[in-house]
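Asker: Have a look at this prediction, sequence included:
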Amino acid sequence: MSTVLVLNASYERLHYVSLPHAVRMLVRQVAVVEEAAEGQPLGAWPRPKVVRLLRYVTMRWRYRSGPSWSRRALLARDGQLCAYCGGRAGTVDHVLPRSRGGGDSWLNTVAACSQCNHRKRDRTPSEAGMPLRAQPYVPSWEQVLGV
């Protein structure tokens, strides 16, 4: 299933939604298609890649706290670069492994390539002799959304 970018009425990025959700927004007439994808139309609308809301939505939720952790957001934060070798990353590595009490949090996870993730295994970076190229941090909304 593909995802569709949702823009605020002021053209600010808000978030991504599923294609069926975007179609429901079009049917309810709360959004319009800003950019369409190639392919078959969906009823009266072209297949949306980007939709824009017709009314401005205040984003108070964005300013109350930082973004919540997700795999996609973590890879965006690290630029899809491995924290150990600098190669292309596709997996998530826990600095303090889950088996030792580490969890999914911004300060305990980094992007890693599969080779480095496998090599590090269930150890800390110091035990594995694999220093981090950069320390994990909590990103801003702009970093996560790619603004």
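Answerer: Sure, I can see it. Numbers count the residues shown, from 1 in each chain.
Asker: mind checking which helix or strand of the chain has the lowest mean pLDDT?
Answerer: Every helix and strand of the chain was ranked by mean pLDDT, DSSP states H and E. The lowest is helix 60-64, at a mean of 65.
Asker: Distance from the chain centre to the longest helix anywhere in the chain, please.
Answerer: For the chain, the helix with the greatest residue count under DSSP state H is helix 19-27. Relative to its parent chain, helix 19-27 has a centroid offset of 21 Å by C-alpha atoms, centre = their mean, to the nearest Å.
Asker: Report the buried residues of the helix or strand following that helix.
Answerer: As assigned by DSSP states H and E, the chain's next helix or strand after helix 19-27 is strand 31-36. Along strand 31-36, these residues count as buried under the neighbour rule (16 or more other C-beta atoms under 10 Å): 31, 33. C-beta: built from backbone N, CA, C; applies to glycine.
Asker: Show me what the mean pLDDT comes to for strand 31-36.
Answerer: The pLDDT scores in strand 31-36 average 94.
Asker: other SSEs contacting the helix or strand following that strand?
Answerer: Next in sequence after strand 31-36, counting helices and strands by DSSP H and E, comes strand 48-53. Packing partners of strand 48-53 (3 or more C-beta pairs under 8 Å, 6 or more residues apart in numbering; DSSP states H and E): strand 3-7, helix 19-27, strand 31-36.
Asker: Other residues contacting the shortest one?
Answerer: Strand 3-7 is contacted from outside by 13-19, 21-22, 25, 31, 34, 48-53, using C-beta atoms under 8 Å, 6 or more residues apart in numbering.
Asker: Mind listing what's buried along it?
Answerer: 4, 5, 6, 7.
Asker: my guess is residue 134 meets residue 82, correct?
Answerer: No: between residue 134 and residue 82 there is no contact under C-beta atoms under 8 Å: 10.8 Å.
Asker: more neighbours, those two?
Answerer: residue 82 (22 against 10; other C-beta atoms under 10 Å).
Asker: so where's this protein shaky on pLDDT?
Answerer: 1, 60-64, 146-147 (pLDDT under 70).
Asker: domains for it, by residue range?
Answerer: Listed domain ranges for the chain are 3-63, 71-145 (source: automatic domain parsing).
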